[in-house]
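*Asks:* Next input, structure requested:
(4 chains)
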Amino acid sequence: MKRVGVFVCHCGTNIGAVVDCPQVAEKAMDFPGVVYSVDYKYMCSEPGQEMIKKAVQEHRLDRVVVASCSPRMHERTFQRCVEGAGLNSYFVEMANIREHCSWVHAGEPEKATEKAMDLVKMAVAKVVKNKPLQKATIPVTDRALVIGGGIAGIQAALDIANAGHVVDIVEKEPSIGGKMAQIDKTFPTLDCSACILTPKMVEAASHPNINLLTYSEVEKVEGFVGNFDVTIKKKARSVNMDVCTGCGLCMEKCPKKVDSEFELKMSKRRAIYTPFPQAIPNKPVIDRENCTYFNTGKCGICSKVCPAGAVDYTQEDEYLTRRYGAIVVAIGFELFDYSVIGEYGYGKYPDVITGLHFERLVNASGPTLGKIKRPSDHKEPKNVVFIKCVGSRDPAKGKSYCSKACCMYTAKHATLVREKIKDSNIYIFYMDVRTPGKGYDEFYNRTREQYGANYIRGRVSKIYQQGERLIVRGEDTLLGRPVEIEADLVVLATAMVAQPGAGQLAQKLGIGYDKDHFYTEAHPKLAPVETHTQGVYLAGACQGPKDIPESVAQASAAAAKVCGLLSKREMLTEPIVSEVNESICAGCGMCVAICPYKAIELKTISERIQGQTVERQVASVNGGLCQGCGACTVACRSAALNLKHFTDQQILAEVNALCL
Amino acid sequence: MEDLTLVLRRTAKEILEKGEAQMVIGWEKGAFWYSSTSAFISKPEDTERLIWDEYCVNNLAKYLLDYRHKEGKVAVFVKGCDSRALNVLLQDKQLKREKILIIGLACPGMKDEVEARKLGRGSSIPLYKKCRECRYPNALNYDFFIGEDKVIKEIPAQDDFSEVQALESLSPDEKYNKFVANYERCLRCYACRNICPACNCRECIFDRTASGWSSKANNVSENMFFALTRALHVAGRCVGCGECERACPVNIPIMLLNKKIIQDINALFGEYEAGTDVTAKLPLGGFEFTDPEEFM
Amino acid sequence: MLVAQKAKLREILNALSEEYQVAVPVQREGTSAFELYRDGIEVMFNGNTSISPKGMFFPQTEKMYGFKTVKNTTEFVSLPVEQGKRLLFGVRSCDMKSLDCLDQVFLTKGYIDEFYKQKRERTVIVALGCNEPGETCFCASLGLDPQKAAGADVHAYDLGEVIGFEAVTEAGQKVLDLLKNHLREQQFALPPVGEFYLKPEVAGVPEKLKGMFESPLWEEIARKCLNCGACTYVCPTCHCFDISQDVRGEKGIKYRCWDSCMFGEYTQMAGGHNPRPTKKERVRNRFMHKLNYFPERYNMLLCTGCGRCLDVCPVKMDITSIIQQIKEAK
Amino acid sequence: MSVNEVTWQPKILVFACNWCTYAGADLTGLSRLQYPATVRILRVPCSGRINPQFVLKAFQKGVDAVLVAGCHPGDCHYTTGNYFTRRRFLIMRRLMEYVGLEPERLQARWISAAEAPKFQQVITEISEQIRALGPNRKLRDEEWKI
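*Replies:* A predicted model of the protein is given here:
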């Protein structure tokens, strides 16, 4: 017979004001197995935990039930507590009488008390069936993978590499750098984006511990923390990277011109190209879709002019599989394609552009060499209208969330216009101005006061072309009157959205994502860079809209987590995994098909059956791969599979207890 | 069928004489004119016992499990339903194809023994209901076929779910009362399970009371737990051979549950006919992202 | 002989119901069993019930006692026992014989099973003679008189339009006394008993089986067996049970329920060993028990020739043919 | 447990996956959203762990309704567990309705960790439905008193 101790927590008045805790404790003494029961103000406090430890000793308890808050809050606390008392840490169960009881039945103290008793009864019924579980160890491969070579990926890779671990960066574009490479200046300091980014890019490229795998994508992820086997597809560059010197002759001579993605179609690039002059690696790729040679079999100029003979039309996509101990996902964001909605004439009027277009227009190496010229007729705009929250905070047409960086970059844009075009007028339509951040509000105030940007609170209802100008019609909600502005250029602060392939990558990695396809962190506050899949971490805007400093900070945090993991040769694994009763298992393999982690395979065992040795197949669970979901247990008709700590018998015991 | 009986005996004899299999599983005559029963022949001279008549209803596929760890091959005669059953056993990885010699038969439909006993010799005996409804009378998967692999029975255009639908149209209480009436008399003898080819667990949870899943107590609640659990366990693997119902000593219409699930699987996840394709993915062994969504 | 028109059976049963809790054979949903009599229920006359009346004395599930744990002590609680006189109408010879077998088990050799005894003692039995044996019947081969069931309190005879009654015991006489107003005296000869189709010869079988434990016959016989429990559960003489409990929190009930030697779990030992691991051992045990062990201990076969096992077996295991095979075995 | 008509309160068992619905129920508490004290939540790692047999057992033992709840499709912490749940319970719900259980008594819902109002609403709705239906007696184990 087990000796269960029940500890009922008042949580100050959080529980105690609704649930009659002393009565719950008293009632608990009637439950089978309970030999000690007590209530206390704060079970999780130091004295509370001491109380548990003491009771375990004095009453020879071998199982503990803590009736308090959600196990998602304090399960670890009490596991450590009972461990401190000399019990296996899995000998504690929690009854959630706060979140699931006192807080939601505040007006019904009697029913809440009765429910609390039921919840304790269920926990007692389960805990007596708890088995001691031990964490096992698995080896850790000392190599990290960073997916995405933007500022977050670069920062994470550098931090990990500097700590002495080998890192591979996988970047789908031909160059690392990401969105930050397209940005002109950074707020609030207005230092040049390239000036602070390119040194980092160079550092990453030349770091002995970092391997760049550009123009590459993650194809498949198998394995588990410490041992991810990742297959990476290296897309054919058609240029031999080992031989190419990056002289750029091919790009000069290539006759085929294509819209530049980097310049957002505001200028041309060649079919053999680097995305931008400071690209790293600064070696070109052939865009096969647009290359004349690949389309017609004729041309071949690049090959002819290449002094190093690096052009190789026969190159094929290459797949390589490597084992990594940890993965940082830093695939960044994309901008909301507002042309789909078509409001504000975006996609229709050439002079309605996005903030990122503006970054290129204002950038010294951009299509206009830093002169702000409007796309339609390359004239210098005088009246520039900025519209914020385009697609953000707009659940009807766009996204419900705030894209966070727009208020600041719009202020920055306004400043840049005013600096470059002294006689310009700036009008900024906004819903709210949000400037939390070091130096941010000061920057915003400068924009208004020093640079004279006109902030108009209200939404733009319509934009239409009249002659050469755009008429922007809206409402100033502060003054409560309509506004109409003749604009030369309209800049939309479009929402940041998840990368289009974010969902698929998440499925490969087995990590979660929200309705907007931003990746879900393990805990919004306490585990902001972890995911629910052990060994996979998040950095940058793939987790949600972020500005550069935040992305960098998160990248360093993720790197710290990776270093923590890789610094050990082996790690402890959760013991809550499925197990097979081989004597019952018939080897039907239903579970094999169902396991999302490919943690189950059939193995052949030999067995004596009536004096005869026979070989038969049974399921076998890889404890390192198994994440403990338990889907296999339901597929197993004969119940040969069971999930430790959540066994059929434990769940049935809870069901039975509830119904007493 | 008498002619085929001779062919069947000859085939069995040859198999045993040539040592192509250590045993042949077929049918022989039972105590009454309307009963044929399973026969296990390992000597060539005993093949004379074998018969093939309209009472060879017993599905032989499951017997193969008894010999899966034995050396050598076992030959088995299969009708359409036996053949589908055998396919399910292969799909469930309970048999090795190379250890079985399958001799296919074209089934004309089997006659209802209960009716036969009632009506007497010489009268026209109706086919089992399950045979009237059968859409796969011929063996689907075989090493060789006796006679011509030509359908010799009338094939209904589609599965008949009318009884299921009739039940569905009742009120909750009416439905429940029907099932109570059926399962009140269940003896929990497990004949349905033991004859069912889809019930091929090494150890059934109902044989392990210690597992906490079931008790031996016989009452409507436990009996229905058994019935519903078994229906769920064979879901997507029930070949509709109806042997459960035939085996039931208290005449419970067991197929009412199985057919309901077959009907729903077809409607929800696309048409699926268990045991017609060994390589098919089991309906409850997977999912589609596009499955109907009702839980939002 | 005392007789009544068959059409008056309803009145008779209604009259008996005032004194007894009456159970009668009833057909329902393609099966038949003894059920508590309710006015108007149609009594089955042709053939025997598919389910034997064994359960009236030895129910499939029977609560034995309750228990409660309070703190660290356990209290036993006796459960209410149904009282009052019962009357079974329409029990056939074979099933009467099975009660003789069960009486041996539950009431003799120094062990009295109170649960069985209590039910047996408060039950009077009106047996019904068989004129036309069923196709699977073979009671005559086992020495039973299909028309006159030994051990019954009253013999009833199906005489076409009328039913004849003869009291055998004092309790039976009381029953007929109750029916005074419904019965009249009239001479009737019993019709001849029809021909049996199955005629196994059991003579010498129990003795022969003594040396046949290791016979290869068992493996052959067992091949087709599915190891379901249909035969044992319809058998009027099979009497194995398991004791189990239904625990709900600090309270529980001990109950016993039928078990079957056909099931693997029947001989499963806690340590994992099973002395009857395959169907060969289980089938052997069933027939050895019926035809050898039981006769050795109680001097009677544990088979009454009711034929139910032949009837229900999904794979047509046939005890008469098995008896034959035993006789022929070398 | 005997069913006393006067004092009867619906007893609703919620099988909740640890990552979404259990967390959603936690958030309901954190948000102080009130709902009837009729439910008892049983935590499982994933809705894919919920064996339909648990549901049958629960009805046998005497619950009045069962709610099976997990992450929205696509959001499963274990990637695909809830897709299996969906298949299993599409079949299970139909089967239970077929044998005469009122469909309200077995429901399945996707409730994310963020959907506290949905959790509140679903529980409130089910409680009302079950209150209207009254205690469940179908599939129930025999009741006994000692």
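
*Asks:* quick one, what contacts residue A:466?
*Replies:* Counting by Cβ atoms under 8 Å, 6 or more residues apart in numbering or on different chains, residue A:466 touches residue A:486. Where you see a C-beta, it was placed from the backbone N, CA and C, and this is true even at glycine.

*Asks:* And residue B:149, by the same measure?
*Replies:* Taking Cβ under 8 Å, 6+ apart, we find residue B:149 in contact with B:104, B:106, B:138, B:139.

*Asks:* and it, what are its phi and psi?
*Replies:* As for residue B:149, its main-chain torsions (degrees, to the nearest 10) stand at phi -80, psi 70.

*Asks:* do residue A:384 as well
*Replies:* Backbone torsions of residue A:384, given as degrees, to the nearest 10, read phi -120, psi 130.

*Asks:* Measure how buried it is and give me the count.
*Replies:* 26 (other Cβ atoms under 10 Å in any protein chain shown).

*Asks:* Same question for residue C:14.
*Replies:* Around residue C:14 there are 15 residues (other Cβ under 10 Å).

*Asks:* how close does the residue lying closest to it once chain neighbours are set aside sit to residue C:85?
*Replies:* Nearest residue to residue C:14 in three dimensions, chain neighbours excluded: residue C:39, at 5.8 Å (Cβ to Cβ, 6 or more residues apart in numbering or on different chains). From residue C:39 across to residue C:85, the span is 19 Å (Cβ to Cβ, to the nearest Å).

*Asks:* Over to residue B:139?
*Replies:* Relative to residue C:85, residue B:139 is positioned 60 Å away (criterion: Cβ to Cβ).

*Asks:* Which one's more surrounded, those two?
*Replies:* residue B:139 (26 against 16).

*Asks:* Spatially nearest residue to the more buried one (excluding sequence neighbours)?
*Replies:* residue B:104 (2.9 Å).

*Asks:* Now for the one you found: which residues touch it?
*Replies:* B:78, B:83, B:138, B:139, B:140, B:141, B:142, B:144, B:145, B:146, B:149.

*Asks:* Okay, and the beta partners of it?
*Replies:* Bridge pairing for residue B:104 (DSSP bridges) gives the partners residue B:78, residue B:145.

*Asks:* Kindly state the pLDDT recorded for it?
*Replies:* Each residue has a pLDDT score; the one for residue B:104 is 97.

*Asks:* Next: the one 4 residues further on.
*Replies:* Predicted confidence (pLDDT) at residue B:108: the value is 95.

*Asks:* Next, the contact list for it, please.
*Replies:* B:1, B:54, B:137, B:152, B:153.

*Asks:* picking up where we left off before, give me the buried entries from the contacts of residue B:104.
*Replies:* Buried by 16 or more other Cβ atoms under 10 Å in any protein chain shown: B:78, B:83, B:138, B:139, B:140, B:141, B:142, B:145, B:146, out of the contacts of residue B:104.

*Asks:* can you redo the residues you listed as TSV with distance to residue B:16?
*Replies:* Shown next, in TSV, are the buried ones among the contacts of residue B:104 (distance: Cβ to Cβ, whole Å):
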residue	distance to residue B:16
B:78	18
B:83	22
B:138	25
B:139	20
B:140	25
B:141	22
B:142	18
B:145	19
B:146	16
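
*Asks:* which SS class is the residue at minimal distance from the centre of chain B?
*Replies:* Nearest residue to the geometric centre of chain B (Cα atoms, centre = their mean): residue B:241, 3.5 Å. Going by DSSP: H, G, I helix; E, B strand; the rest coil, the secondary structure assigned to residue B:241 is coil.

*Asks:* Name the SS class of the residue nearest to residue C:14, please.
*Replies:* The assignment at residue C:39 comes out as coil when based on three-state DSSP.

*Asks:* I'd say it and residue C:10 touch.
*Replies:* Yes - in this structure, residue C:39 is within contact of residue C:10 by Cβ atoms under 8 Å, at 7.2 Å.

*Asks:* Quick one: name the residues of chain D near chain B.
*Replies:* Counting by Cβ under 8 Å from any Cβ of the partner chain, the residues of chain D close to chain B are D:52-53, D:56-57, D:60, D:72-74, D:80, D:83-84, D:86-102, D:108-110, D:138-142.

*Asks:* Which of those residues fall in strands?
*Replies:* D:108, D:109, D:110 (DSSP state E).

*Asks:* how close does the first one sit to residue D:93?
*Replies:* Right, the one you point to is residue D:108. 7 Å.

*Asks:* Now list whatever residues contact both of those two.
*Replies:* Shared contacts of residue D:108 and residue D:93 (Cβ under 8 Å, 6+ apart): residue B:294.

*Asks:* Okay, and the beta partners of residue C:73?
*Replies:* residue C:70.

*Asks:* how far does stretch D:11-27 stretch from start to finish?
*Replies:* Start-to-end span of stretch D:11-27 (Cα to Cα, to the nearest Å) is 22 Å.

*Asks:* what pLDDT, on average, does it get?
*Replies:* 96.

*Asks:* how many neighbours does the residue of chain D found nearest chain B have?
*Replies:* Proximity of chain D to chain B (Cβ to the nearest Cβ) peaks at residue D:100, 2.6 Å away. Neighbour count for residue D:100, taken as other Cβ under 10 Å: 20.
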